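> quick check, what structure comes out for this input:
(2 chains)
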Amino acid sequence: MTGAPVSSLDGRPADQPTGGGLVLSAALLAVLPLVAAEALVAFVDPVAGAVVHALLLWALLVGWVRSGDRTLLALALVPLGRVTSLALTLDSTSAGAYALAGLPLLVAVVWSYRDMIGWRGRRGRPAWHAVVVALSGIPLGFAVHALVDLPQAGGMPLVLAAPVVFVFAGVLEELVYRGPVQRVLTRRFGTVGVVLADLLFTAAYLPTHEAGLILAMAVLGLAAGFYVRQTLSLTPVAVAHGLLAAGALVVWPLWG
Amino acid sequence: MSAFLSGVARAVTHGEGSGWLPGSMALVVVALVLVLVLQRELSRETVTPERDQRVRATRALVVPLLLCALLVLAARLLELIT
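Numbering: from 1, shown residues only, chains lettered A, B, ... in the order given. Next comes the predicted model:
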């Protein structure tokens, strides 16, 4: 059998853009409404933004059922994450608040993971670059702590707070944005899909109103996206993001 | 999500200093769940097997949304009782 490997999801050749000159406009059409909804949450009104996110979630699910286009199902994780995290927002920045806000999204990602992206975990010793990428989260976390004024995620002992933030503030985002979202977008739009996934990832940081953090996460997200696309390995960037978040929000603030 | 929300978002989603009712986010989530469940029930008779399979795949997102709705409703009830 010859030819490109066939995707397990929709029968198209894996990682091949399916359109022609309309690829970019179709890509933007798929992603821009979600970015606009995030901007609405961040700069206009969070509740109005949540209503738009809810409408987009409904439209994406209906679109998936009618068309069978798995891109729509994967993109639905973005408004789901925003709606549930807004609804479960506590009036605190404790580590427990991160866990509560991220719990429904974690359930959705774990439930749908294998179906949506069709990757299998790799076994064996990790490559040297995977170790370097994973550990890069430690200095990056320190840099973010030093450069950006972030609220400390406390409210529980360090041994509990650090793992909770590691999973819910770091790993979970990578599982969503570099997992199903980037996978379906690159399958559909090629390399442009990495940029689009990063655009959605960056938009999720708009509500922080921290320009430095937003810029840093845009650059790091793009680098992570290309790394995942190149290696098909999500674990190193997920660990790096987890270490970054746990360091910046829990560990480094203890040292002042 | 590590894209933690600003103090403004926290205040608005809790209805302080804004025109929104307290618990308005709960209403958004519950309304969305109801619309999705209603739509599912109304189309049950006419849906093709292929579409029915796709509908089943949406459970991965609808059930967490339902979980969220239950959590916010429980929190709101506790808030009203105490």
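> can you tell me the centre-most residue of chain B?
B:Val29 (2.2 Å; C-alpha atoms, centre = their mean).
> element containing that residue, please.
Element membership for B:Val29 (DSSP states H and E) is helix B:24-42.
> chain center to that helix, what's the gap?
7 Å (C-alpha atoms, centre = their mean, to the nearest Å).
> so which other helices or strands are in contact with it?
Here helix B:24-42 is seen to pack against helix A:46-67, helix A:77-87, helix B:59-81 when contacts are counted using 3 or more C-beta pairs under 8 Å, 6 or more residues apart in numbering or on different chains; DSSP states H and E. Where C-beta positions appear, they are placed from N, C-alpha and C, glycine not excepted.
> quick one: it to helix B:59-81, angle?
Counting by axes from the mean of the first three to the mean of the last three C-alpha atoms, to 10 degrees, helix B:24-42 points 140 degrees away from the direction of helix B:59-81.
> mind saving the C-alpha coords of helix B:24-42 as PDB?
The C-alpha trace of helix B:24-42 is given here as PDB (Å, rounded to 0.1, in the frame of the first residue of the first chain):
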ATOM      1  CA  SER B  24     -26.100  34.600  35.900                       C
ATOM      2  CA  MET B  25     -23.300  32.200  34.800                       C
ATOM      3  CA  ALA B  26     -25.300  29.300  36.400                       C
ATOM      4  CA  LEU B  27     -28.200  30.400  34.200                       C
ATOM      5  CA  VAL B  28     -26.100  30.300  31.100                       C
ATOM      6  CA  VAL B  29     -24.800  26.800  31.800                       C
ATOM      7  CA  VAL B  30     -28.200  25.400  32.800                       C
ATOM      8  CA  ALA B  31     -29.900  27.000  29.700                       C
ATOM      9  CA  LEU B  32     -27.300  25.500  27.400                       C
ATOM     10  CA  VAL B  33     -27.700  22.000  29.000                       C
ATOM     11  CA  LEU B  34     -31.500  22.300  28.600                       C
ATOM     12  CA  VAL B  35     -31.300  23.400  25.000                       C
ATOM     13  CA  LEU B  36     -28.900  20.500  24.100                       C
ATOM     14  CA  VAL B  37     -31.000  17.900  26.000                       C
ATOM     15  CA  LEU B  38     -34.200  19.200  24.500                       C
ATOM     16  CA  GLN B  39     -32.800  19.200  21.000                       C
ATOM     17  CA  ARG B  40     -31.600  15.700  21.500                       C
ATOM     18  CA  GLU B  41     -35.000  14.500  22.600                       C
ATOM     19  CA  LEU B  42     -36.900  16.300  19.900                       C
END
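> what mean pLDDT does that helix have?
Averaging pLDDT along helix B:24-42 yields 89.
> mind listing what's buried in the next helix or strand after that helix?
Later in the chain than helix B:24-42, the nearest helix or strand by DSSP H and E is helix B:49-57. Across helix B:49-57, burial judged by 16 or more other C-beta atoms under 10 Å in any protein chain shown covers B:Arg54, B:Val55, B:Ala57.
> what's the distance between the first one and B:Leu36?
When you say that, I think you mean B:Arg54. 13 Å (C-beta to C-beta, to the nearest Å).
> now do the last one
In this view, B:Ala57 and B:Leu36 are 13 Å apart by C-beta to C-beta.
> report the contact partners of residue 77.
Just going to use chain A. Neighbouring residues of A:Leu77 by C-beta atoms under 8 Å, 6 or more residues apart in numbering or on different chains: A:Leu105, A:Ala108, A:Val109, A:Ser112, A:Val176, A:Pro180, A:Val181, B:Leu61.
> distance of the third one relative to A:Ala59?
Yep, that's A:Val109 we're talking about. With distances taken as C-beta to C-beta, A:Val109 is found 20 Å from A:Ala59.
> so which of those two has more stuff around it?
Neighbour tally, A:Val109 and A:Ala59, criterion other C-beta atoms under 10 Å in any protein chain shown: the higher count belongs to A:Val109, 23 against 14.
> can you list the weak-confidence ranges in the chain?
Defaulting to chain A. Across chain A, residues meeting the criterion (pLDDT under 70) sit at A:1-24, A:26-27, A:91-93, A:114-115, A:117-124, A:256.
> hmm, no, I was thinking of chain B.
Scanning chain B with the threshold set as pLDDT under 70 gives B:1-22.
> now stretch A:86-104: buried residues?
A:86-90, A:93-104.
> my error: substitute stretch A:133-153 in the last question.
Neighbour counts over stretch A:133-153 (16+ other C-beta under 10 Å) mark A:133-134, A:136-138, A:140-142, A:144-145, A:150, A:152-153 as buried.
> and stretch A:100-109, how far from the chain's centre?
The answer for stretch A:100-109 is 12 Å, by C-alpha atoms, centre = their mean.
> just the CA atoms of it, as PDB, please.
What follows is stretch A:100-109, C-alpha atoms only, in PDB (Å, rounded to 0.1, in the frame of the first residue of the first chain):
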ATOM      1  CA  LEU A 100     -12.800  23.200  40.400                       C
ATOM      2  CA  ALA A 101     -12.700  25.500  37.300                       C
ATOM      3  CA  GLY A 102     -10.800  22.900  35.300                       C
ATOM      4  CA  LEU A 103     -12.600  19.700  36.400                       C
ATOM      5  CA  PRO A 104     -15.400  19.600  33.800                       C
ATOM      6  CA  LEU A 105     -12.800  20.300  31.000                       C
ATOM      7  CA  LEU A 106     -10.500  17.600  32.300                       C
ATOM      8  CA  VAL A 107     -13.400  15.100  32.300                       C
ATOM      9  CA  ALA A 108     -14.200  16.100  28.700                       C
ATOM     10  CA  VAL A 109     -10.600  15.800  27.500                       C
END
